[in-house]
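>>> 3D model of this:
(one chain, ligands or ions: 2)
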Amino acid sequence: MPPPNDELVRKRTSADFVFGKVIGEGSFSTVYLAKDVHTSREFAIKVLEKRHIIREKKTEYVTREKKVLQILGSSCKYFVHLYYTFQDTDRLYFVLTYAKNGELLQQINKDGAFSLECTKYYAAELVLALEYLKLKGIVHRDLKPENVLFDENWHILIIDFGSAKILGEDKSSDEESQKRRKYSFVGTAQYVSPEILNDDESTCASDLWALGCIIYQMLTGQMPFRGPSEYLIFQKILKLDYEFPQGFDKVAKDLIEKFLVIAPSSRLGATDQVPYKSIREHEFFREINWDDLGPPPNFSAK
Ligand SMILES: Nc1ncnc2c1ncn2[C@@H]1O[C@H](COP(=O)(O)OP(=O)(O)OP(=O)(O)O)[C@@H](O)[C@H]1O
Ligand SMILES: O=C(O)C[C@H](Cc1nc2cc(Cl)cc(Cl)c2[nH]1)c1ccc(Cl)cc1
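Numbers count the residues shown, from 1 in each chain. Ligands and ions are numbered 1, 2, ... in the order given. This is a model prediction of the structure:
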């Protein structure tokens, strides 16, 4: 039995990487572009200060992100992959796939809005990604254009699993955790689903609501539910108060209306025996070959 390949099993340390520029900042993290000194491969390394995590009581968030990324593994190309984690005295390190081409949000804002063809392509990649999440029993809970990045070949890479939910994880029923769950707001106002606002359980259908919001935003450049304050946005969400611009594509309108439904189980795909067959069969995806989406179309304004 040959000795294990050292490079495969040795716990990495920051000395294994050359840290380059800062490519992003989170509320608890700094993300660096880094190069593996042995292979020159590029990674995004998300660095968190232990003191900051402890002070802000975010250890559960960090532990959750690590656990979900490990569950996702590397068999679906639409998710950022966690290669290694390690720590030193003061910091934690996540070594992740480097998303070279930035955020979907930047692309939407740069173009103003996507063409119908471009929207169909990226909506299809998102559907395939959500099928995989459902298969793995994960709810992202904070899906939004800032958390959908592009890799070097302009395929999507979904990030940010700190607020994700692992279905079937036993929820301790003690009073304390019930209270914590009740008041632990999850998500981002403009994309949060009604069930989370009504403090009902979030399910994979919560991500379908967010998908509806993202498709609307790719086609209009605007979020469907917007307002001057979170409270007013929540009111609009709960009243389904949104509208389509004049001349909006009828088929796209039909699809979005089937996602932006208050009752989670009534959303298109929510009750599919084979997820997400009923979404794949919607007229909006008529030209999509689900077994091979082909190369991404180049971005062009609508
Ligand atoms: N794998 C990656 N490749 C390239 N950029 C990334 C990657 N992961 C995160 N980023 C960028 O780094 C920034 C911080 O991301 P991170 O997920 O650490 O924090 P966040 O979730 O955005 O912030 P918050 O903690 O407030 O929710 C983001 O702007 C994101 O675009
Ligand atoms: O080495 C491992 O994989 C396990 C450790 C566990 C771990 N050590 C921690 C220290 C602190 Cl202060 C906070 C959290 Cl959430 C911590 N989690 C760890 C290290 C790095 C990362 Cl990114 C996550 C977890």
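>>> just the strands in the protein please.
Assigned by DSSP state E, the strands in the chain fall at 17-25, 30-36, 42-49, 82-87, 91-96, 138-139, 148-150, 156-158, 165-166.
>>> Put together a markdown table for the ones you listed, with mean neighbour count on each row.
In short, each C-beta sits where N, CA and C put it, glycine included. Shown next, in a markdown table, are the strands of the chain (neighbours: other CB atoms under 10 Å):
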| stretch | mean neighbour count |
| --- | --- |
| strand 17-25 | 13 |
| strand 30-36 | 18 |
| strand 42-49 | 20 |
| strand 82-87 | 16 |
| strand 91-96 | 20 |
| strand 138-139 | 22 |
| strand 148-150 | 23 |
| strand 156-158 | 23 |
| strand 165-166 | 18 |
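>>> nearest to ligand 1, of the ones you listed?
With CB to the nearest ligand atom, the closest approach to ligand 1 among the strands of the chain belongs to strand 17-25: 2.0 Å.
>>> Touching the closest one from outside, list them.
With contacts defined as CB atoms under 8 Å, 6 or more residues apart in numbering, strand 17-25 is touched by 30-37, 43-45, 95, 98.
>>> how about the residues of the stretch 1-150 of the chain that lie near ligand 1?
Applying CB under 6 Å from any ligand atom, one finds that the stretch 1-150 of the chain approaches ligand 1 through 23-29, 31, 44, 46, 80, 96-99, 103, 149.
>>> one step back: most widely separated two among the contacts of strand 17-25?
30 and 37 (20.1 Å; CB to CB).
>>> Nearest residue to residue 271 in space, please, no chain neighbours.
Spatial nearest neighbour of residue 271, excluding adjacent residues (CB to CB, 6 or more residues apart in numbering): residue 265 at 5.9 Å.
>>> dump the residue contacts of the spatially closest residue to residue 69 that is not a sequence neighbour.
Nearest residue to residue 69, sequence neighbours excluded (CB to CB, 6+ apart): residue 82, at 3.7 Å. Residue 82 is in contact with 66, 69, 70, 72, 94, 95, 96, counting by CB under 8 Å, 6+ apart.
>>> And residue 271, how close does it get to ligand 2?
Residue 271 sits 36 Å away from ligand 2, going by CB to the nearest ligand atom, to the nearest Å.
>>> My guess is that residue contacts residue 261. True?
No. Checked against CB atoms under 8 Å, the pair residue 271 and residue 261 is beyond contact range at 12.0 Å.
>>> Settle it for me: which of these two has more neighbours?
Counting neighbours by other CB atoms under 10 Å for residue 271 and for residue 261 shows that residue 261 has the greater number, 19 against 12.
>>> List the contacts of the more buried one.
By CB under 8 Å, 6+ apart, residue 261 lies in contact with 209, 267.
>>> run the last query once more with 10 Å
By CB atoms under 10 Å, 6 or more residues apart in numbering, the contact set of residue 261 is 193, 194, 205, 208, 209, 212, 240, 267, 268, 270.
>>> And residue 276, by the same measure?
127, 128, 130, 131, 134, 204, 208, 211, 268, 269, 270, 282.
>>> No more questions from me, cheers.
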